[in-house]
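Engineer: model this:
(one chain, ligands or ions: 1)
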Amino acid sequence: MEKLTGKDKELIRDSWESLGKNKVPHGIVMFTRLFELDPGLLNLFRYKANCGSTQDCLSSPEFLEHVTKVMLVIDAAVSHLDDLHSLEDFLLNLGRKHQAVGVKTQSFAVVGESLLYMLQCSLGPAYTAPLRQAWLNMYSIVVAAMSSGWAKNGERKSD
Ligand code: HEM
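Structural biologist: Numbering: from 1, shown residues only. From the prediction side, this is the model:
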């Protein structure tokens, strides 16, 4: 597992301090952007949420619940910046669950872009190149751990 620098951690913690107090609205900005970039991903929620139009889906309780869950995972990562490896098993299992509901690992790149979009919208001038890089570094650690859930599943299938 890669490591974050002290500066990365400081930038992430400082920026999350205000965002983390208002998780759901920021999560909605992030996922609205995600579905703009890849509308097909909304179908993965349709089995749960009986929603028709994109707007219906974005205001469905199932979608809002998922936004809350995602933001809580980000919150947990920010709280464990000094020992992110302690989240590895949780993230691996989370990856497995996403594979099971039809998410492809490639979609995490678009999720990352949407996360950066949300940070840029929310932080304004505080969204600097080092801050962007710090968040990307943390996000890639989280995604690598989640993606190992897919590799493990693949290994099992070929056993
Ligand atoms: C490609 C983007 C994503 C899609 C399409 C997606 C879709 C889903 C779906 C369909 C479920 C099951 C239904 C539900 O619990 O709402 C789920 C569960 C969940 N997702 Fe995602 N997800 C995505 C990204 C993420 C990310 C980036 C995180 C966190 C970093 C995350 C965290 C969770 C959590 C915590 C659950 C609940 C798992 C459980 O039941 O234990 N998701 N996701």
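Engineer: around the ligand, pick out the residues from the protein.
Structural biologist: Remark: the part of the chain in contact with the ligand comprises 41, 44-45, 48, 62, 65-66, 69-70, 73, 94, 97-98, 101, 103, 107, 111, 142, using CB under 6 Å from any ligand atom. Quick note: C-beta positions are derived from backbone N, CA and C, even for glycine.
Engineer: off-centre distance for the lowest-mean-pLDDT helix or strand in the chain?
Structural biologist: Between all helices and strands in the chain, the lowest mean by mean pLDDT, DSSP states H and E belongs to helix 43-46, at a mean of 78. Relative to the centre of its chain, helix 43-46 is centred 17 Å away, using CA atoms, centre = their mean, to the nearest Å.
Engineer: who does it touch, helix- and strand-wise?
Structural biologist: When contacts are defined as 3 or more CB pairs under 8 Å, 6 or more residues apart in numbering; DSSP states H and E, helix 43-46 packs onto helix 61-79.
Engineer: and for the helix it packs on, what are the contacting residues?
Structural biologist: Defining contact as CB atoms under 8 Å, 6 or more residues apart in numbering, one finds that helix 61-79 is touched by 12-13, 16, 20, 23-24, 26-28, 30-31, 45, 48-49, 51, 57, 84, 87, 90-91, 94, 115, 138, 141-142.
Engineer: buried stuff in it?
Structural biologist: Applying a neighbour-count criterion of 16 or more other CB atoms under 10 Å, one finds F63, L64, H66, V67, V70, M71, I74, A77, V78 buried in helix 61-79.
Engineer: I appreciate the help and will end here.
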